Every structure is written in structure tokens, then in C-alpha cells.
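Q: just to be clear, the model below is a prediction. Sequence and coordinates:
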Amino acid sequence: MLNPKVQDALNAQINMELSAFYTYLSMSAYFTSENLLGIAAWMRHHADEEMVHAMKIYDFIHQRRGQVRLTALDGPKTSWSSAVEAVEDALHHEEKVTASIDRLVDLARQERDHASDSFLQWFVDEQVEEEAVVDEILQQLKRVADFPAGLFMLDRDLAAHGGEEEEAEAAE
């Protein structure tokens, strides 16, 4: 049976992952409206990954005979002043998720919930990757911020690779 304190924290994490889904989907819509379809596709793919994360936790709670409790989500931000600002927001969001996962691991260990601790290790590793990937895109955007042809090339590159590398890593 799932520890009640851990169950409550996992339910909060489901909402955080669903909020991340909503945020990345909003970013995808923004980039689509800016005709940066490669970045939009990457954001859409990333939104899908966040939904997968939420469902992993959802399934784990049920597997441990716990109860999932979903709550309302706040609407995400819908516009940004630049591509750089949007991806900076994405990185800050990933850092927030990482901090939440770290607190979950701490709680699972404090409560001696070894099954949850083991389960959460996948998320610890995933967040290292998530932050690195978003930061890499941010650094590339910063390099080309004042060079429209560079933004075009980065957008085209993300369209060509949209999630393929992440999917290959996830399959390993």
C-alpha cells in the first residue's frame, strides 16, 4: 500500500506534470503563430513527454493501491516577447519540476517508502536530461538571437530532428 504522505505528494506531482504539458502545448501554439514550426513541433513533442510523465505517476499510484486525485490547472502563459524568453521559461519550468522531484525523493526516503524511492529514480535521471536538452536549445537561440537566418536554420534543424534523439534515448 502507498504511504499516504507520499501519495499526496505524487498526486501534486501529477498536476505539476500536467501543468508542464499545458505549458509546452501553449509554447507550441505560440511558436506556430510565429511561424517557427520546427520549434513548435519540438515543444509539442515535449508536451507529449510531460503527459507520459504524468501517466507514469498515475499508473504507479494505482499499482500501489493508492488513489489518484486530480485538481484544476491554472491556464498557462500564452505569449512571449521572443523565442529566447519562451525557452527561458521552459528551462525555469524544468528546474521547478526537478526541485519537486527531489523533494519527492526526500519524502519517500524519510517515509522509508522504498518502492516509491526506486520508482522516482527514473524521474531524477529524466530531469537531468530534460534540463540539458532545454538548456542546449536556449544556448543556441541566444547565439542566433539577432541573426534571423540563424533562427531559421535552428528552426529547420529542430523540425528535422523533432524529438527523434529523445525518443531514441528513451527507448534505451
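A: It's in. Treat the numbers as computed from the prediction; the structure is a model and nothing was measured. Numbers count the residues shown, from 1 in each chain.
Q: centre-most residue in the protein?
A: What sits nearest the mean C-alpha location of the chain, by C-alpha atoms, centre = their mean, is E50, with 4.7 Å.
Q: could you say what helices and strands the helix or strand containing that residue packs with?
A: Assigned by DSSP states H and E, E50 belongs to helix 37-63. Judged by 3 or more C-beta pairs under 8 Å, 6 or more residues apart in numbering; DSSP states H and E, helix 37-63 is in contact with helix 4-33, helix 83-110, helix 114-144, helix 148-161. Heads up, the C-betas are built off the backbone N, CA and C, glycines and all.
Q: and the pLDDT at L151?
A: Per-residue confidence (pLDDT) for L151: 89.
Q: OK, contacts around it?
A: With contact set as C-beta atoms under 8 Å, 6 or more residues apart in numbering, L151 has these partners: L36, A83, L141, V144, A145.
Q: cool, and M16?
A: M16 touches K96, V97, S100, counting by C-beta under 8 Å, 6+ apart.
Q: could you do L10 as well?
A: The contact partners of L10, by C-beta under 8 Å, 6+ apart, come to L2, I57, F60, I61, G66, L104, S116.
Q: what's the helix or strand for the residue lying closest to N11 once chain neighbours are set aside?
A: Residue nearest to N11 in three dimensions, not counting chain neighbours: R69, with 4.8 Å by C-beta to C-beta, 6 or more residues apart in numbering. Using DSSP H and E, R69 maps to neither a helix nor a strand.
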